[in-house]
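Asker: sharing a sequence plus its predicted fold:
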Amino acid sequence: MADPARAAKMADRIKVVVAQALERRVKDPRLGFVTITDARVTNDLQHATVYYTVFGTDEEQDGTRKALESAKGVLRAEVGRNITARLTPTLEFVPDEIPVNASHLEELLRTAKARDAEVAAIAEGAAFAGGEDPYRKPGDEDEDESGSESRPE
């Protein structure tokens, strides 16, 4: 087993090599605006998972997925030429879900902010139903400023 630091370095190198190879070597028209976002390599350096994002419609994203699968051999050969390892890891391409999740979280935050603004607008003109301290008892008026009750001696 290799150490995790070496696997992380190799993953970074694979990410760069695959991105450059997609730009220069792979001339598939189905490849749209693809961005390699991350790569992960197993600790035994045998398998690499490459994460990507694609801007476009669902059809364009599906076409990009098929293009990456068909170019897997060319990309693996390019990775093998540019890394220093005894064995070239297999490549698996996985669409990155982080941008989708981030946009969903942003939408939830926008909704929460709008609801907070609605509540603040409602509370702006509101008054207390039973005074500022609804738990105040009629005998509590003889408290001094320190909050302790004053007792007659």
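Answerer: Cool, the structure landed.
Asker: run through this structure and note the low-pLDDT ranges.
Answerer: By pLDDT under 70, the low-scoring segments of the chain are 1-2, 130-131, 140-153.
Asker: just the helices in this protein please.
Answerer: Counting by DSSP state H, the chain has helices at residues 4-24, 58-70, 72-82, 98-124.
Asker: what would the ones you listed look like in TSV with distance to T49 and mean neighbour count?
Answerer: C-betas here are computed from N, CA, C, even on glycine. As requested, these are exported to TSV (distance: least, C-beta to C-beta, whole Å; neighbours: other C-beta atoms under 10 Å):
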stretch	distance to T49	mean neighbour count
helix 4-24	9	16
helix 58-70	12	16
helix 72-82	12	16
helix 98-124	14	10
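Asker: so which of these gets nearest E92?
Answerer: Closest approach to E92 among those is made by helix 72-82 (8.5 Å; C-beta to C-beta).
Asker: helices or strands up against that closest one?
Answerer: Packing contacts for helix 72-82, counted by 3 or more C-beta pairs under 8 Å, 6 or more residues apart in numbering; DSSP states H and E, involve helix 4-24, strand 90-95.
Asker: at 10 Å what do you get?
Answerer: Packing partners of helix 72-82 (3 or more C-beta pairs under 10 Å, 6 or more residues apart in numbering; DSSP states H and E): helix 4-24, strand 47-55, strand 90-95.
Asker: of these, which is nearest G125?
Answerer: So among the helices and strands packed on helix 72-82, strand 47-55 is nearest, using C-beta to C-beta, at 46.1 Å.
Asker: what residue lies at the spatial centre of the chain?
Answerer: The residue lying closest to the centre of the chain (C-alpha atoms, centre = their mean) is I98, at 3.9 Å.
Asker: for the closest residue to that one other than its chain neighbours, what are its contacts?
Answerer: With C-beta to C-beta, 6 or more residues apart in numbering as the criterion, I98 has its nearest non-adjacent residue at 7.1 Å, and that residue is T37. Listed by C-beta atoms under 10 Å, 6 or more residues apart in numbering, the contact set of T37 reads K15, A19, V50, Y51, Y52, T53, P95, D96, I98, P99.
Asker: how near is A11 to T53?
Answerer: According to C-beta to C-beta, to the nearest Å, A11 and T53 sit 17 Å apart.
Asker: cool, A5 as well?
Answerer: Computed as C-beta to C-beta, the A5 to T53 distance reads 27 Å.
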